[in-house]
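**Q** Got a sequence here, can you build the structure:
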Amino acid sequence: MMKMMMDEEEEHVGMRVTCDGHRGTVRYMGPVPPTTGVWLGVEWDHPERGKHDGSHEGVRFFTCRHRTGGSFVRPAKARFGVGYVTALKRRYEEELEEPAGEDMKISSKTVLMVGFERVRLKQRVDQLTEVSLRRCEVSGPGPQNQIRNTTPDVESLDLSGSLLSSWEVLAAITGQLESLRELQISHNRLSFSSDPSLLSPAFSCLRLLSLNSCALTWTQVLQCAPMWQQVEELYLSDNDITELTRPDHVLQNLRVLDLSNNQILQETLLHISHLPWLEKLNLSSTGFSAVEFSDASAGDETTAFPALNTLLLDDNNISEWCVVNELEKLRSLLHLSCRRNPLLQKEKNPETARQIIIARLGRLTLLDMRKVECDVECVCVCVQVECDERRGAELDYCKMFGSAWLRAGGHSEPEQNQPNTHFLTDHPRFLTLIHKSMIVQKVKGLLHRQLKLPAVRLKLSYTCAKLAGREIEIDNDLKPLQFYSVEDGDSILVRWS
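**A** Numbers count the residues shown, from 1 in each chain. The predicted model follows:
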């Protein structure tokens, strides 16, 4: 009898429970003197729910991560959850509820169709491709193969806020869902497998995984990563991630990574910069304030984050324009969000700050979830007028810092245009913008001095990689080169008669 009681206590330790709407993990089961009877020592997910750290009257029964994270409850007050199919039936019982009976006329006879609706709805459940059991207290798979026989075609599964105790238990569920591509298990506390790679077959088709609010460190994420080698989208918001390390041999297929609401040491950010396919990175509310890509000088491209086209930096501590200058080194960056940062408060008008960012980031097409507005007219066949908002932003930027450029050694004549290093560091795109804002007439004047030919006899056109095989005529002397979308790397062709 004593052995059976001890086995039962050991069996319950580590299980997940819910009590009065709060979830926790059983860390102890047994007596708590001087009281009588059996108690559960529970470490709550949210420490404000508890009263102590696992000690009672000087005796330690279990340990908690937080000094007020634990409490004792009677087993009768705790719920240990249900199997997957039981939760499924509860979740959809309103849809599956059988009517008392239904009259249906077949030919000239009226018959009572009992159970017909249940059969039809059961077939619909069998065909489900998306299942949401969020906060449905799922604690395990239930009888063998029951999941596979009940919902064989599930591609997307939400088990957030469940009572799953370990990755092994989760794998026993997902291993029966052979088409599963999207899995949400946020707000869970899963114990770790001693050999995660053994569980990888249960997640072999997984492409999206959401692990928000799971109290995970980055080390633990990398420890689990061998289970889900094919994951392309990984959501890790609101965890315990503070320091990033290089993910060697894992997470190499990531295209989307959400690290928001983690206080990350920003000097460790570059440890994930080698991920070859990472397109979207969310660093909102991470304390981000600075970044430096030391492998590239001002105006050059960094090798870091080679595929990154979307970067979210909302609600951070960015206060210097040099951070924006560094972002210009990202070769693929098209979308940026940096709302509610101190930097934006430096300008009285928020639109002015927006213009400065657009001018400093030459490839940006989306800023703070707003498109960089464009005109839809064409300069000539197949050539779109450069974005009106960008053109205006860059021209205004040149006006805004034109005096500083001249004071730093800038000059309208190219051979005398030698601004100092300090200015070029603060404004790495300025010379490019000056070049773009130069009107065609001015360009012809410079060519006249170089070629000793009358400007009226010069005819200009250009070619670019984006329009391979086409040559675009530059036919209006009073328009800036920017009007024709001439960019760095394009070739201007000069002809004369």
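**Q** So what's the residue count around Leu159?
**A** Using other CB atoms under 10 Å, Leu159 has 26 neighbouring residues. Every residue, glycine included, has its C-beta placed from N, CA and C.
**Q** do Gln263 as well
**A** Gln263 has 12 nearby residues by other CB under 10 Å.
**Q** for Leu366, same thing?
**A** With other CB under 10 Å as criterion, Leu366 counts 14.
**Q** distance of the nearest residue to it once chain neighbours are set aside from Thr310?
**A** Leaving out its chain neighbours, the residue that sits closest to Leu366 by CB to CB, 6 or more residues apart in numbering is His335, at 4.1 Å. The gap separating His335 from Thr310 is 4 Å, by CB to CB, to the nearest Å.
**Q** Looking only at neighbour counts, state which of the two leads.
**A** Higher neighbour count among His335 and Thr310: His335, with 20 against 17, using other CB under 10 Å.
**Q** list the contacts for the more buried one?
**A** Residues near His335 by CB atoms under 8 Å, 6 or more residues apart in numbering: Asn309, Thr310, Leu311, Leu364, Thr365, Leu366, Leu367.
**Q** so the last one touches Ala353, yeah?
**A** It stands for Leu367. No. Contact status for Leu367 versus Ala353: not in contact, 10.1 Å apart, counting by CB atoms under 8 Å.
**Q** Okay, Leu159 and Tyr235: tell me how far apart.
**A** Leu159 sits 14 Å away from Tyr235, going by CB to CB.
**Q** Also Leu133?
**A** Here Leu133 is placed at a distance of 18 Å from Tyr235 (CB to CB).
**Q** now Phe423
**A** If you go by CB to CB, the gap between Phe423 and Tyr235 works out to 42 Å.
**Q** Break this structure into its domains for me.
**A** Under automatic domain parsing, the residue ranges defining each domain of the chain are 2-77, 82-101+116-305, 378-496.
**Q** most neighbours per residue, which of those?
**A** Mean neighbour counts were taken over those using mean count of other CB atoms under 10 Å, and the top value, a mean of 18, falls to domain 82-101+116-305.
**Q** now do the same end-to-end measure for that one.
**A** End-to-end span of domain 82-101+116-305 (CA to CA, to the nearest Å): 44 Å.
**Q** What confidence value was assigned to Glu394?
**A** Turning to Glu394, the model gives it a pLDDT of 88.
**Q** So it, which state does it fall into?
**A** helix (DSSP: H, G, I helix; E, B strand; the rest coil).
**Q** ok, it to Leu431 distance?
**A** Distance check for Glu394 against Leu431: by CB to CB, it reads 12 Å.
**Q** Quick check: Gln176 touching Ile147?
**A** Yes. In this structure, Gln176 is within contact of Ile147 by CB under 8 Å, at 4.1 Å.
**Q** shared neighbours, those two?
**A** Pro141.
**Q** who's in contact with Asn262?
**A** Asn262 neighbours (CB under 8 Å, 6+ apart): Leu236, Ser237, Asp238, Asn239, Asp240, Ile241, Thr242, Thr286.
**Q** Tell me the one among the residues you listed nearest to Asp475.
**A** Comparing those against Asp475 with CB to CB places Thr286 closest, at 49.8 Å.
**Q** residues contacting the closest one?
**A** So Thr286 contacts Leu259, Ser260, Asn261, Asn262, Gln263, Ile264, Gln266, Asn316 (CB under 8 Å, 6+ apart).
**Q** Could you find the closest non-adjacent residue to the fourth one?
**A** The one in question is Asn262. Sequence neighbours aside, Ile241 is the residue nearest to Asn262 in space, at 4.0 Å (criterion: CB to CB, 6+ apart).
**Q** mind listing what that neighbour touches?
**A** By CB under 8 Å, 6+ apart, Ile241 lies in contact with Leu216, Thr217, Trp218, Val221, Leu259, Asn262, Ile264.
**Q** before we move on, the earlier item: can you name the two of the contacts of Asn262 that sit furthest apart?
**A** Taking CB to CB, no two of the contacts of Asn262 sit farther apart than Ser237 and Thr242, at 14.2 Å.
**Q** could I have stretch 186-199 exported to CSV, CA atoms only?
**A** C-alpha atoms of stretch 186-199 as CSV (Å, rounded to 0.1, in the frame of the first residue of the first chain):
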residue,chain,number,x,y,z
SER,A,186,2.0,29.2,-26.6
HIS,A,187,1.3,29.6,-22.8
ASN,A,188,2.5,26.1,-22.0
ARG,A,189,5.3,24.8,-19.8
LEU,A,190,6.9,21.7,-21.4
SER,A,191,9.7,19.7,-19.8
PHE,A,192,12.5,18.9,-22.1
SER,A,193,13.5,15.7,-23.7
SER,A,194,16.9,14.2,-22.9
ASP,A,195,17.3,13.5,-26.7
PRO,A,196,15.1,15.9,-28.7
SER,A,197,16.2,14.5,-32.1
LEU,A,198,14.4,11.2,-31.3
LEU,A,199,11.1,13.2,-31.3
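**Q** which residues sit against it?
**A** 14, 16, 23, 25, 45, 159-162, 164-171, 210-215, 220, 223-227, 235.
**Q** just checking, which of these belong to strands?
**A** Per DSSP state E, strands hold the following members of those: Arg16, Arg23, Thr25, Ser210, Tyr235.
**Q** Turn the residues you listed into JSON lines, columns for distance to Phe401 and pLDDT.
**A** Shown next, in JSON lines, are the ones in strands among the contacts of stretch 186-199 (distance: CB to CB, whole Å; pLDDT from 0 to 100):
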{"residue": "Arg16", "distance to Phe401": "59", "pLDDT": "94"}
{"residue": "Arg23", "distance to Phe401": "55", "pLDDT": "93"}
{"residue": "Thr25", "distance to Phe401": "58", "pLDDT": "93"}
{"residue": "Ser210", "distance to Phe401": "44", "pLDDT": "98"}
{"residue": "Tyr235", "distance to Phe401": "40", "pLDDT": "98"}
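**Q** Please identify which of the residues you listed is nearest to Leu453.
**A** The closest of the ones in strands among the contacts of stretch 186-199, once distances to Leu453 are taken by CB to CB, is Tyr235, at 61.9 Å.
**Q** That closest one contacts Leu209, correct?
**A** Yes. Using CB under 8 Å, Tyr235 is in contact with Leu209, at 7.1 Å.
**Q** who touches both of the two?
**A** With CB under 8 Å, 6+ apart, Tyr235 and Leu209 have no common neighbours.
**Q** any idea how far the nearest residue to Asn145 once chain neighbours are set aside is from Gln184?
**A** Spatial nearest neighbour of Asn145, excluding adjacent residues (CB to CB, 6+ apart): Gln176 at 6.7 Å. The gap separating Gln176 from Gln184 is 17 Å, by CB to CB.
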